[in-house]
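K.L.:
here is the input, now give the coordinates:
(chains A and B)
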Amino acid sequence: MSILVNNDTKLVVQGITGRDGSFHTGQMLKYGTKVVAGVTPGKGGQKVEGVPVFNSVEQAVKKTGANTAILFVPAKFSVGAVYEAIDAGVKLIVCISEGIPTIDMIKIMAYLEDKDCRLVGPNSPGIVSSGQAKVGILPGHIFKPGRVGVISRSGTLTYEIVDHITKSGLGQSTCIGIGGDPVIGTKFIDCLDLFNQDGATEAVVVVGEIGGRDEQDAAQWVKKNMKKPVFGFIAGKTAPADKRMGHAGAIISGTAGTAAEKIEVFKKCGIEVGETPAEVAGLVKRALS
Amino acid sequence: MKVHEYQAKEVFGKYGIPIPKGRVAKSVDEVIAISKEVGIPCVIKSQVHVGGRGKAGGIKIAKNEQEVKEYAEKILGMEIKGLIVKKVLVASAIDIANEAYLGIINDRTVQKTVVMACKEGGVEIEEVAKKKPEAIHKVYVDPLVGMLPHKAREVGFFLYEDVKTAFACAQITEKLYKLFVELDSSLAEINPLVVTTDGDLIALDAKLNFDDNGLYRHPDVESLRDRESEDENELLAREQDLSYVSLSGNIGCVVNGAGLAMATMDLVKHFGGEPANFLDIGGSSSPEKVKNALSILLKDPNVKVIFFNIFGGITRCDDVANGIIQAKKELTIKQPIVARLTGTNEDKGMEILREAGLIFAQTMDEGAKKAIELLG
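P.N.:
Residues are numbered from 1 along each chain as shown, chains lettered A, B, ... in the order given. As a prediction, the model looks like this:
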């Protein structure tokens, strides 16, 4: 088992004819993901990597039964593309695009409230359920089927930690990049809840960073509800205040959202924290051995 | 992005939010001329991007012509928390009967825009939120319908008992929300919002920050950027689509991805070193971008060692390697380079760099330690 994506995932790629869209369609197919359709308005009828292209997500869903959408669309157009995917009735949308204005995300979240649809991202590297499906841009070769769930706000730092986990002899059930923006569709708590119910997952690693209080809220949730061990890493201990560290969401506002604050709450709530990415993998290894 | 108070007030003015009469000045002569327009007594306020301007002596009320000149000379050119004052706002002085706080932000936890009102004005709202959260009245806005009149009146009646003042406040709330959403603001703050002795409501101070992700659709907002007040290297990096933040250490870090870049800085510190910067070269990094990144690092005289930490996903290690080679040819790099390249096209990357005189590391731990050792 796994969460969010698996062998039943039927993927439609929005922006499939673009440079990133076509490249990653190939990579996802290579991983074994069932990419059933692509969408680029005006390019319906073409094929990319053997995948049929449609003019709208609605058509793609009707013709292929796609249940999951991924967006490789420039930020300016990705807001419209998210609404299109929601209206087409897919159950999961993964938004890779970086640079969506916060107010647009706030509107999308309000629009999603009464819909049976989950958004992951924006500014997410995607999701991998090891050995089953890759919906995103994460490098497939570092993953190995296993018992560890990974949730992260970043991309390459996730790869670093996943790589350590794999090299330690363990593997991952599912790894989710929830995205580095301040307002995101799926938060740590949503993923922890899913991992808590997932039979294949025996431990979870939470990779957080400075900014906001999602990690703190997640830690409180873990203390109350989690039946499996949770391990943590927080990036940005050396980050100065009031400076955006790359990710739109990675900013210490005054004195709020520091790494020290998050690490303290983690420890109080029973989440062991690794000082370095290598150390986190070591903690998980020890716990599951 | 931050703008100065005088710029925020110009935006307020366009949206019909009442502000004191005033203009910005860059010289003592201009201050004197504007003081005659707005009338004396007037207030002279330094325009720098730091808090605590008043305490630092950067805000003065001039009660006569002599004081106008005296304060203008004193404030223009003074240093506040490391920043030189190059501009001042000269505005008519207001007789204050009551001060309150009104602000709008996007609440990232609730995922809604929220209006915050507090009966105490001139306060640090984050401090109030910590110590006396019940003193802040919050009104969340449904983004799909916008600011409804009764929600705006809720803010007005929370702050003021007097009906006329409450209604005036409701109007200001509606206008401030309109501005906030239309311009992709991330903070719109009136602190203090003042009732004058004549009973009028006016924004005595104004603070506006903007969502960087929204700037592409507001060239008029982008044009308000005060380039002089920003770090030169950070500006240059942004223009080259790199994410760079200058720090005080001596180990220059070049990393792909923001999370890994932060983790790299932390790791350098963890092993006893001091990172010189945060630098994310982004996803699909071309050799050109890597070269640009290096040239920015080299502008920092504190950088003694350069540490490349690359985990190839979309980023290809051979692209990074070619960038390093190109940079070594075109720039003068005296500092030793420690390189840890792993992931996509790692072997090709290492092959390219074999003869380049770099110090290699297998892991980021090893890389950070080697970089520190090289400092001696």
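
K.L.:
only C-alpha atoms from now on, for both contacts and neighbour counts.
P.N.:
Will do.

K.L.:
how about the stretch 151-300 of chain B: which residue is closest to chain A?
P.N.:
Of all residues in the stretch 151-300 of chain B, the one sitting closest to chain A is residue B:260 (4.3 Å; CA to the nearest CA).

K.L.:
I'd assumed residue A:157 was in contact with that residue.
P.N.:
Yes. Between residue B:260 and residue A:157 there is a contact under CA atoms under 8 Å: 4.3 Å.

K.L.:
of the two, who's got more company?
P.N.:
When residue B:260 and residue A:157 are compared on other CA atoms under 10 Å in any protein chain shown, the one with more neighbours turns out to be residue B:260, at 28 against 25.

K.L.:
show me the contacts for the more buried one.
P.N.:
Contact analysis of residue B:260 by CA atoms under 8 Å, 6 or more residues apart in numbering or on different chains lists A:154, A:155, A:156, A:157, A:160, A:235.

K.L.:
you'd agree it is in a helix?
P.N.:
Yes. Using DSSP: H, G, I helix; E, B strand; the rest coil, the assignment for residue B:260 is a helix.

K.L.:
one step back: would you check how far apart the residue of the stretch 151-300 of chain B closest to chain A and residue B:167 are?
P.N.:
Residue B:260 sits 50 Å away from residue B:167, taking CA to CA, to the nearest Å as the criterion.

K.L.:
so what touches stretch B:76-91?
P.N.:
B:5-6, B:20-28, B:31, B:34-35, B:38, B:42-48, B:50, B:53, B:56, B:58, B:75, B:229.

K.L.:
what do you get if the cut-off is 6 Å, keeping everything else the same?
P.N.:
Residues outside stretch B:76-91 that contact it (CA atoms under 6 Å, 6 or more residues apart in numbering or on different chains) are B:21, B:22, B:23, B:24, B:25, B:26, B:42, B:43, B:44, B:45, B:46, B:47.

K.L.:
residue A:199: how many residues sit nearby?
P.N.:
12.

K.L.:
what secondary structure does it sit in?
P.N.:
Under three-state DSSP, residue A:199 falls in the coil class.

K.L.:
what is the burial count for residue 195?
P.N.:
Picked chain A for this. Counted with other CA under 10 Å, residue A:195 comes out at 27.

K.L.:
my bad, the chain I had in mind was chain B
P.N.:
By other CA under 10 Å, the residues close to residue B:195 number 22.

K.L.:
could you tell me which residues of chain B lie near chain A?
P.N.:
B:108, B:111-112, B:143, B:213-214, B:243, B:257-260, B:262-263, B:266, B:313 (CA under 6 Å from any CA of the partner chain).

K.L.:
the helices in the chain, which residues?
P.N.:
Because you didn't say which chain, this covers chain A. In chain A, the helices defined using DSSP state H lie at A:19-31, A:57-64, A:75-88, A:102-112, A:156-167, A:188-197, A:214-225, A:259-268, A:277-288.

K.L.:
not quite, go with chain B.
P.N.:
Using DSSP H, helices in chain B cover B:5-14, B:28-38, B:65-75, B:125-131, B:149-159, B:163-182, B:219-222, B:232-239, B:258-270, B:287-298, B:317-330, B:346-353, B:364-374.

K.L.:
the ones you listed: lowest mean pLDDT?
P.N.:
Comparing mean pLDDT over these, the weakest stretch is helix B:125-131, at a mean of 87.

K.L.:
quick check: buried residues in that helix?
P.N.:
residue B:125 (16 or more other CA atoms under 10 Å in any protein chain shown).

K.L.:
any idea how far that helix is from the middle of the chain?
P.N.:
Centre-to-centre, helix B:125-131 and its host chain are 20 Å apart (CA atoms, centre = their mean, to the nearest Å).

K.L.:
so which elements touch that helix?
P.N.:
Under the contact criterion of 3 or more CA pairs under 6 Å, 6 or more residues apart in numbering or on different chains; DSSP states H and E, helix B:125-131 touches no helix or strand at all.

K.L.:
before we move on, back to that, mean neighbour count, the helices of chain B: which tops it?
P.N.:
Of all the helices of chain B, helix B:258-270 carries the top mean neighbour count, a mean of 27, counting by mean count of other CA atoms under 10 Å in any protein chain shown.

K.L.:
how close does residue A:84 get to residue B:170?
P.N.:
For residue A:84, the distance to residue B:170 - CA to CA - is 36 Å.
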